[in-house]
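A.B. asks: Fold the following, please.
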Amino acid sequence: MNTNLWIPTLVILVLVSTISCIKDTDFEQASDITARPVVELNLIHFEVDAGEFYDESTNTSRLTLSDTTEIRFLDDSGLQESLLRAEFLFEFTNAIPRTFDVTFQFLSEATDTTYTTQTFVEAGTVGVPLVTTYEEVVEGAEILELTSANRVVVNVTIPEANAELEGALRLKSKTTYFLEITERE
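C.D. replies: Down below sits the predicted model:
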């Protein structure tokens, strides 16, 4: 290529690309950007041995066991404004030959109940544990109730228990948060 033509061609290309990039750019559109992240977190995990439902020292059944988990991130004002939907997935593995009534009670810092959900877990056996899954979707007006909580209490209730009861009940759960984050002025 001739050096006399190469330099003017390069200058013209740089000039055209600079003008075309700046000419149609609307910097006001930057405030219209919306991010929609999806966040998955582990929520509650526990294993309850069948013997925990019976107090051998008093020979009496303990029909309800409770577990409390702090969830302080839900009471964040930024999250409250951005949260569109929350999906909870609970998976129970039951090797106890009893059904269970399980209640999830979301509590505020003042211990007010802000949201509640409930499920039943089918009976299994030590040899053949039964897996029960439960999904709860929270959206719309219920989101505010959910985000007012800073802890969740799980109450596991068994219809009857005795000293010979064997097996274990396991719970593992996760929550998926669907957010919409927009620039705020």
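A.B. asks: Other residues contacting stretch 147-156?
C.D. replies: 43-44, 46, 48, 64-72, 74-75, 79-80, 83, 100-109, 112, 114-115, 169, 171 (CB atoms under 8 Å, 6 or more residues apart in numbering). Yep, even glycine has a C-beta here, placed from its N, CA and C like the rest.
A.B. asks: Buried residues in it, which are they?
C.D. replies: By neighbour count on 16 or more other CB atoms under 10 Å, the buried set for stretch 147-156 is 147-154, 156.
A.B. asks: quick one, strands of this structure?
C.D. replies: 34-35, 38-49, 54-55, 60-61, 64-70, 83-94, 100-107, 113-121, 130-139, 151-157, 168-179, 181-182 (DSSP state E).
A.B. asks: if we can go back for a sec, just give me the closest of the buried residues of stretch 147-156 to residue 175.
C.D. replies: Set against residue 175, the nearest of the buried residues of stretch 147-156 by CB to CB is residue 152 (9.9 Å).
A.B. asks: Need the pLDDT of the closest one.
C.D. replies: On the pLDDT scale, residue 152 is placed at 94.
A.B. asks: Quick check: chain neighbours aside, which residue is closest to residue 106?
C.D. replies: Spatial nearest neighbour of residue 106, excluding adjacent residues (CB to CB, 6 or more residues apart in numbering): residue 149 at 3.6 Å.
A.B. asks: where does this protein dip in pLDDT?
C.D. replies: For the chain, the stretches flagged by pLDDT under 70 are 1-32, 73-76, 183-185.
A.B. asks: at 80 what do you get?
C.D. replies: Residue ranges of the chain with pLDDT under 80: 1-33, 72-80, 183-185.
A.B. asks: gap between residue 33 and residue 180?
C.D. replies: Separation of residue 33 from residue 180 (CB to CB, to the nearest Å): 11 Å.
A.B. asks: So these two - more neighbours on which side?
C.D. replies: Taking neighbours as other CB atoms under 10 Å, residue 33 and residue 180 compare with residue 180 leading, 13 against 9.
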